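> give the three-dimensional model of this entry:
(one chain, ligands or ions: 1)
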Amino acid sequence: MIANLNERTHFQNRHNGPSENEIEQMLETVGADSLDQLIDQTVPANIRRKGKLNLPPALDEFSYFHAMKETASQNKVFKSFIGMGYYGTVTPAVIQRNILENPGWYTAYTPYQAEIAQGRLEALINFQTMISDLTGMEIANASLLDEGTAAAEAMTMLHSLRKKDKKNANKYFVDQHIFPQTLDVLQTRATPLGIELVIGDYKEVDLRDSDYYGIMVQYPNANGSVEDYKDLFQQAENNQVKIVAAADLLSLTLLTPPGEWGADVVVGTTQRFGVPMGFGGPHAGYFATREDFKRQLPGRIIGVSVDKHGKKAYRMALQTREQHIRREKATSNICTAQVLLGVMAGAYAVYHGPEGLTRIAKRIHGLAQLASNYIQKLGFKQNNQTFFDTLDFEIDPGLVEKIRVEAEAKKVNFNYFVENHIQIAFDETHTPSDMIEIIGVFQKYSESEINPEEIIKAADHVEIKFDSVFARHSDFMTHEVFHKHRSEHEMLRYLKHLENKDLSLAHSMISLGSCTMKLNATSEMVPITWPEFAMIHPFAPSFQTRGYMDIIDDLTKWLAEITDFHTVSLQPNSGAQGEYAGLLVIKAYQESIGQGHRDITIIPSSAHGTNPASAVMAGNKVIIVQCDEQGNIDVSDLKAKAEQHKENLSSLMITYPSTHGVFEESVMEICEIIHSNGGQVYMDGANMNAQVGLTSPGIIGADVCHLNLHKTFAIPHGGGGPGIGPIGVAEHLAPFLPGNPLVHMAEDEAIGAVSSAPWGSAGVLAISYAYIAMMGADGLENATKLAILNANYIKARLEKEFNILYSGKNGRCAHEMIVDCRSFKEAGIEVEDIAKRLMDYGFHAPTVSFPVAGTLMIEPTESESKEELDRFCDALLSIREEIREVENGTADKEDNVLKNAPHTADHSLSDEWNHSYSRSAAVYPIEYVRANKFWPSVGRVDNAYGDRNLYCSCIPTEAYELEEAEV
Ligand SMILES: Cc1ncc(COP(=O)(O)O)c(C=O)c1O
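From the prediction side, this is the model:
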């Protein structure tokens, strides 16, 4: 026996599903002699990469942890008093371990299949209820990307809602004291739409100017001052100007909510509700508004409906109004939001309840109040008369630097962004001794003396009292869920109870086409909750963030290598944000060469809805090109349209391989047509999992491409976010990549910020970093090959019984394929019936009706073993037999296993069973299910009922009683 002592387990063998043996068997089924032959038959020769990716050697998991510990130690965790929308927070351990660190939660997909997603839907209803209650608004969505983009969504939503006399009003007033990062995002978003931002003092604005359609204020404002906006709001109402308030959610436990002042939209972040700062994100933004605006509301709304058996069931409401589904008519492109973080924030509210949140808010305010009193006693002027958590001191110019040095020596960060001011924001993590410590910093530069004993004594009974104009009098979060789960056992079991209702990757493969539901390896996830990553403020001084910068620099280089681009911006925090950023970069480049008039974007009919939505947001007009019968872009149609719009052609948006699951042979020719007509090529990188190591957007000829790190690069989908959508660009576009107003990171020509934080969702970048570091060049290339093999294996197994819509010239699909279910309609079977029936077999449905109505799009990814693929194929083939029974009349047309799917335990085990098929046919349709049954927690959800009776908050307790009485 011989042992190689240098050999360690290769991570790629854990990440990739099929074993060597299985690969052989699968190739045989597929009819290819080797993996390389299959790839040669699939990927066009003219776009193939020559040579390997230039990446560092792959690390094994143990060595990776070691290296990561070293990197983490380069970040310095100081006590943050910086504020500005990012605060220290205590993530309750029961939430950290059972949600954030739990694959049962983080590997789930957006809850489109409501019957197997009731847990996170309930968690999101809790989130929405908390937001509506705290802000005093009628309706809230289930999260946006961050505060800055939520504010921009409010600005654009109200712009699109302008009526009658305001139809041509284009001015949007923004108070000068909103967070600078929010202002920058607003500026970026306003320009392409012709919205004129007017920035000034809210006390001086004259809203009688009929050009104003909206205003925005911050509450408390960026300096920490709680302002009385009553007169402003009255003026706005008198002049039909709509009002947006960005509000600190925690302060609203003590302060009058903007909804009670008459705001039309309230936006903000829920970060300080238990979600770590993570160097800027991911955190869930929130958006609350009036019921009247429910159809224009960006993002997703969770609503209450009933299932087939009349029982309460949650689902995503009013889905047809989801903006990106409206394509070029959309006013927003939000798709992936920040669901996992929204779930966490909602759980934090459940854990603390209204009295717990109020107690936290009072403590924070009390600390700020004492600090204000004592530092003023030391002779420093504090400007905020009314404040919640943030103090604003005027400081002599020469003293600021001295205080900074003193504070940093004590590992304390204040906010120095306003010249000759020092701002100090308190948060949940701070204690009276922290306060004494910072008073000590100021004392050093004062003649006066304060005895710490006096402060300790005072900390025991601080009177919390706001002027009656500001004090909150209304109740909030009165629903039982916010009162019931106080002990940790109760909380743990509640979270488990919700988790158990949801199907995630911890149960079985999720073959959602276009979503790349691959393994999110545990070792990739572990470091993100280490304090050295979790507790870093996005605007912390750079000497404290070297670990993060190492990751950011390496990841930027690696992604540039993988895409063959000049460089990459990590700022966009979803794929759709990447699209938007990329199109703006193109615009800025074209302006720089005197071609700023170009405003036409060509998009294939098969594109994802976010593509046209992003194009419209970037101020472009959309021209659709058709696809031919093989699902390829109709090149002659494209050529004709490109030539017709030659003078104004800005760009083409193309997904590659196409959303039809095919490597189009003509892709280079397509890029050439666009370039020769003066346009730029934008590649939607959602399907990058079929490219890595084999080809690249740069090789193909694209100018810019977004990557979905939450698809190809192993960041989990989190039930609908987090996401990161970095864009890679060719050299001529690099100077225009997004910047940030507070951190120098971009060139002068930069387009401005597209996210609040400089590096977007920086806190989860370490996941993709880990993925690349542990896979290495070979691992990544093998993953791509196996993703293609797995898809072709499924195709080979299914194609005798199902029509696979498109394939390449050698009959191969790319990493996904479309299964046509339209012919079953004749027997009355809809694609939805198949999707729901798969739940009885323990599977999540593939993507339904995208990009072709009446079809399923299957993407297995490389992480699934042959055994799992076989289980899935067996399920679909068994369902095909069930359809055949309906087709040939053996099964009833209405009362059959498909129409009644999914079958719940409640229904299937009840004493009554009036169906024409057996219980076991319903719930154990195939042998393997007996040993591994996943029970959908509700029957088929009635979407139409829920939309007619829209209800988007926790159901009142009486409704539960009613429901129980009815059962
Ligand atoms: C092809 C394609 N483009 C764009 C997107 C949007 O990406 P995101 O949800 O990250 O905004 C998706 C999302 O699934 C997609 O499938």
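> give me the below-cutoff pLDDT ranges for the chain.
By pLDDT under 70, the low-scoring segments of the chain are 320-326, 956-967.
> what is the neighbour count of V198?
Here the number of neighbours of V198 (other CB atoms under 10 Å) works out to 13. C-beta: built from backbone N, CA, C; applies to glycine.
> what sits against it?
By CB atoms under 8 Å, 6 or more residues apart in numbering, the contact set of V198 is K171, Y172, F173, V174, V205, Y212.
> in what helix or strand does the third one lie?
Counting by DSSP states H and E, the element that carries F173 is strand 171-175.
> next, the buried residues of that strand.
Neighbour counts over strand 171-175 (16 or more other CB atoms under 10 Å) mark K171, Y172, F173, V174, D175 as buried.
> right, and out of those residues, which lies closest to the ligand?
Y172 (25.0 Å; CB to the nearest ligand atom).
> quick one: contacts for the closest residue to the ligand within the stretch 501-650 of the chain?
Closest contact between the stretch 501-650 of the chain and the ligand, by CB to the nearest ligand atom, is at G575 (2.5 Å). By CB under 8 Å, 6+ apart, the contact set of G575 is C335, T336, T610, D684, G685, A686, H706, N708, H710, K711, G723, G725.
> need these in CSV (columns: secondary structure, distance to Q571 and neighbour count).
Shown next, in CSV, are the contacts of G575 (DSSP: H, G, I helix; E, B strand; the rest coil; distance: CB to CB, whole Å; neighbours: other CB atoms under 10 Å):
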residue, secondary structure, distance to Q571, neighbour count
C335, coil, 17, 25
T336, coil, 15, 25
T610, helix, 17, 30
D684, strand, 18, 31
G685, strand, 15, 30
A686, coil, 18, 26
H706, strand, 11, 31
N708, coil, 14, 27
H710, coil, 15, 28
K711, coil, 18, 26
G723, coil, 13, 30
G725, coil, 9, 34
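> for V275, state which of those residues is nearest.
G723 (15.3 Å; CB to CB).
> wait, that closest one sits on I767?
No - in this structure, G723 is not within contact of I767 by CB atoms under 8 Å, at 11.4 Å.
> measure stretch 390-399 end to end?
20 Å (CA to CA, to the nearest Å).
> follow-up on the earlier one: JSON lines for the contacts of G575, including distance to P192?
Output for the contacts of G575, formatted as JSON lines (distance: CB to CB, whole Å):
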{"residue": "C335", "distance to P192": "19"}
{"residue": "T336", "distance to P192": "22"}
{"residue": "T610", "distance to P192": "16"}
{"residue": "D684", "distance to P192": "19"}
{"residue": "G685", "distance to P192": "22"}
{"residue": "A686", "distance to P192": "23"}
{"residue": "H706", "distance to P192": "18"}
{"residue": "N708", "distance to P192": "23"}
{"residue": "H710", "distance to P192": "26"}
{"residue": "K711", "distance to P192": "27"}
{"residue": "G723", "distance to P192": "22"}
{"residue": "G725", "distance to P192": "18"}
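> which of the residues you listed are close to the ligand?
Among the contacts of G575, the ones lying near the ligand by CB under 6 Å from any ligand atom are C335, T336, T610, D684, A686, N708, G723, G725.
> I'd guessed the third one sits against C335; true?
Yes - contact criterion CB under 8 Å: T610 and C335 qualify, at 5.2 Å.
> which one is F65 nearest to, not counting chain neighbours?
What sits nearest to F65 in space, not counting adjacent residues and going by CB to CB, 6 or more residues apart in numbering, is S523, at 6.8 Å.
> contacts only, for that neighbour.
When contacts are counted by CB under 8 Å, 6+ apart, S523 touches F11, E61, Y64, F65, A770, M774.
> state the distance from the last one to E591.
Using CB to CB, to the nearest Å, M774 is found at 42 Å from E591.
> more neighbours: which of those two?
Counted by other CB under 10 Å, M774 and E591 do not tie: M774 has more neighbours, with 23 against 14.
> hang on, the earlier thing: how far does the strand holding F173 sit from its chain's centre?
Centroid separation for strand 171-175 versus its chain: 28 Å, with CA atoms, centre = their mean, to the nearest Å.
> just checking, what packs against the helix or strand just after that strand?
From strand 171-175 onward toward the C-terminus, using DSSP H and E, the following helix or strand is helix 180-190. Helices and strands touching helix 180-190, by 3 or more CB pairs under 8 Å, 6 or more residues apart in numbering; DSSP states H and E, are helix 147-160, strand 171-175, strand 196-200.
> among the ones you listed, which is nearest the ligand?
Per CB to the nearest ligand atom, nearest to the ligand of the helices and strands packed on helix 180-190: helix 147-160, 11.7 Å.
> quick one: the longest helix anywhere in the chain near the ligand?
Ranked by number of residues, the top helix in the chain under DSSP state H is helix 339-377. No - looking at helix 339-377 against the ligand by CB under 6 Å from any ligand atom, there are no contacts, and the closest approach is 11.0 Å.
> show me which residues of that helix are buried.
339-354, 356-358, 360-361, 363-372, 374-375.
> how distant is it from the center of its chain?
Here helix 339-377 is found 25 Å from its chain centre; the criterion is CA atoms, centre = their mean.
> what's the first helix or strand after it?
Past helix 339-377, the next helix or strand by DSSP H and E is strand 381-382.
> partners of that next one in the sheet?
strand 390-394 (antiparallel) (DSSP bridges).
> what are the buried residues along the partner strand?
For strand 390-394, by 16+ other CB under 10 Å, it's T390, L391, D392, F393.
> I figured Y87 hits R272, correct?
Yes - Y87 is in contact with R272 according to CB under 8 Å; the separation is 4.2 Å.
> what does the stretch 101-250 of the chain have sitting close to the ligand?
For the stretch 101-250 of the chain, no residue is in contact with the ligand (CB under 6 Å from any ligand atom).
> cheers, nothing more for now.
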